[in-house]
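Q: Here is my input, please return the structure:
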Amino acid sequence: MPVVTFGYDDLTGLLGREVSVDTLLERVPQLGADVHSYDEATREISIEFFPDRPDLYCVEGAARALRTFLGFEKGLTRYPVEPSGIVLKRDPSVVPVRPQVVAGVVNDIVMSDELIRSLMELQEKLHLTMGRKRAKVSIGVHDLDHVRAPFTYKAVDPRSVKFIPLAKTEKWDLQEILERHEKGIDYAYILKGMDKYPLLVDKDGRVLSFPPIINGTLTTVTEETRNVFIDVTGTDHHAVSGALNIVATAMAERGGKVRSVVVDLGDRKIVTPDLEPRPWTLKVADANAWLGTDLSAQQTAEALEKMGYGATPEGDVVKALVPATRLDMLHPVDLMEDVAKGYGYEKFGRSLPAIQTFGSELKSNKAADVVRNLMIGYGFLEVTTLTLTSEDDQFRKMRLPPGEVVEVLNPISEDHTCLRVSLLPSLMVVLRRNKHRDLPQRLFEVGDVLAGAKRRKHLAAVSISSKASFTEIKSLVESALRDLSVKSTVRPSASGAYLDGRGADVVVADKIIGSFGELHPEVIENFELGYPIAAFELDVAAVTEGKLERLA
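A: Have a look, this model is predicted:
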């Protein structure tokens, strides 16, 4: 989860009054966060916020939330927005590349060192989380006084435009930036396969930014900056608008005046940022039923006001105004959660369950424990890896044809795009990350895979050393099946993951329940390893079926 670090003095300055460190350390967790650390020497606080609250990823957002939570202010914080007269035109050429764009202006801002540091950290946190490493959302902050409106957001040929990117002193075209600039190398994958790249330019054709990669040095923000232009581009309008609202209001907390921009999308025009709160209705009876409380409509409204909402009790419901920076509001249950926080977790008290029940371990978990004990006895070290993986690891690197997987709709990275169908690739990744360690290494995992869209528990193991061989892994599999009292046969495996003639399938009752062998050199090379590897993978449920009572 994102950890935000800021100075205690900066926070209390934004709060507008002194609050003891002890009070902050005690109350912040009740807001739905965790105090990561407090450094007495530097007077810096590090707070770990939940991923669903990107509005708190900066000291300005934390101060806004704490002012109402600690009772210094009441209800919704409003930020006036006046028109700036600036127009941003989206050219049709950029729609197939990166279609969503919004913008805003902040005038009369005093760019202190604290604010610049906070903005940089906020951008990075938003890029990493809701921005999906800039693929979904990317943010640019510019010195407005160095460029002239109107602005144009368009797509251009990668070799047709040159400008000086941040942290450099010479002009590069867009393709050179992707190949040579640190940020270009990191984020080039976002534009992979595109014939044209997005660009934001001013009236005179000067480059503000090459989203989502890098800004130009022309609009670098410094402590002398007084007027700021913010652009946010991406693939989802709700996300880019929310990011703009968070950045603009953070600067407004420092005294800046928020101004709107007319974004001309061609078929329509929108005005951004839109900081108007969204109306919601909460049934008090529903909140009480979910929380186990007996709050009145007035008490419910007061709890919501402590969490920064506008709230008005009307009979048996509360009319709530949700801040434009709260992107986590998806369901009335989200409001109920904030009612609990505003009311105070400490007021819920403690009680034992009214109904006594007896739990028992699942049979599949009992079987897994038996298998774990066997593998540890054989001298293997257990690891636990993520169920999320990539099709590249699961199939291409293992020299297997593409198979059916459960895909992640909005993956946070290219390494976590689907749910695994095999454990072996995950173990290979662990070996790759530990290739600087001494050999031999013998690892195993008992974990879930999705086979045919159904969850199955598998056992997999790898042994890497200069002497790893088919004979070693065959002996291990035979020992495991013998100790589990499983009668099996083996036959040559057709899997491309193994060397020809050095791979075998395990057959129980005419059904293949796993395989073992020496991994193909190409597989070893694909995972950046350099020594022979023997491996196996078995379906634990199939192996232990009907034998659990005796084994346990």
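
Q: Sketch out the low-pLDDT regions of the stretch 1-150 of the chain for me.
A: 1 (pLDDT under 70).

Q: do that again at 80, thanks
A: 1-2, 32 (pLDDT under 80).

Q: which residue ranges form the strands in it?
A: Under the criterion DSSP state E, counting those that start in this stretch, strands of the stretch 1-150 of the chain are mapped to 3-7, 33-39, 44-49, 81-90, 100-107, 137-143.

Q: Can you lay out the ones you listed as TSV showing mean neighbour count and distance to Leu335?
A: C-beta coordinates here come from the backbone N, C-alpha and C atoms, glycine included. Converted to TSV, the strands of the stretch 1-150 of the chain look like this (neighbours: other CB atoms under 10 Å; distance: least, CB to CB, whole Å):
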stretch	mean neighbour count	distance to Leu335
strand 3-7	18	24
strand 33-39	14	19
strand 44-49	20	19
strand 81-90	17	25
strand 100-107	24	26
strand 137-143	24	25
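
Q: could the ones you listed go into CSV alongside distance to Gly256?
A: Listed next are the strands of the stretch 1-150 of the chain as CSV, based on distance: least, CB to CB, whole Å:
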stretch, distance to Gly256
strand 3-7, 18
strand 33-39, 25
strand 44-49, 23
strand 81-90, 12
strand 100-107, 4
strand 137-143, 12
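
Q: tell me how far the ends of stretch 327-337 are from each other?
A: For stretch 327-337, the first-to-last residue distance is 15 Å (CA to CA, to the nearest Å).

Q: Would you map the helices across the stretch 451-552 of the chain?
A: In the stretch 451-552 of the chain, the helices defined using DSSP state H, counting those that start in this stretch lie at 470-483, 521-526, 540-544, 548-551.

Q: In terms of mean pLDDT, which of the ones you listed ranks lowest?
A: Comparing mean pLDDT across those, the weakest is helix 548-551, with a mean of 46.

Q: how deep is Val540 tucked in, by neighbour count?
A: The local packing of Val540 (other CB atoms under 10 Å) involves 23 other residues.

Q: need the contact list for it.
A: 364, 367-368, 371, 446, 456-459 (CB atoms under 8 Å, 6 or more residues apart in numbering).

Q: do Ile230 as well
A: Counted by CB under 8 Å, 6+ apart, Ile230 has contacts 103-106, 139-142, 244, 247-248.

Q: Between these, which sits nearest Leu76?
A: Leu76 has its nearest neighbour among the contacts of Ile230 in Ala248, at 16.1 Å by CB to CB.

Q: I'd assumed Arg259 was in contact with that closest one.
A: No: contact criterion CB atoms under 8 Å: Ala248 and Arg259 do not qualify, at 9.2 Å.

Q: Mind listing the shared neighbours of those two?
A: Shared contacts of Ala248 and Arg259 (CB under 8 Å, 6+ apart): 104, 106.

Q: Looking at those two, which is more packed in?
A: Using other CB under 10 Å, the more surrounded residue of Ala248 and Arg259 is Ala248, with 27 against 23.

Q: any idea how far whatever helix or strand the more buried one lives in is from the chain center?
A: Remark: Ala248 resides in helix 237-252, with elements defined by DSSP states H and E. Per CA atoms, centre = their mean, to the nearest Å, the displacement of helix 237-252 from the mean C-alpha position of its chain is 18 Å.

Q: Quick one: list the elements packing against that helix.
A: Counting contacts by 3 or more CB pairs under 8 Å, 6 or more residues apart in numbering; DSSP states H and E, helix 237-252 packs against helix 59-69, strand 100-107, helix 113-128, strand 137-143, strand 228-234, strand 257-264.
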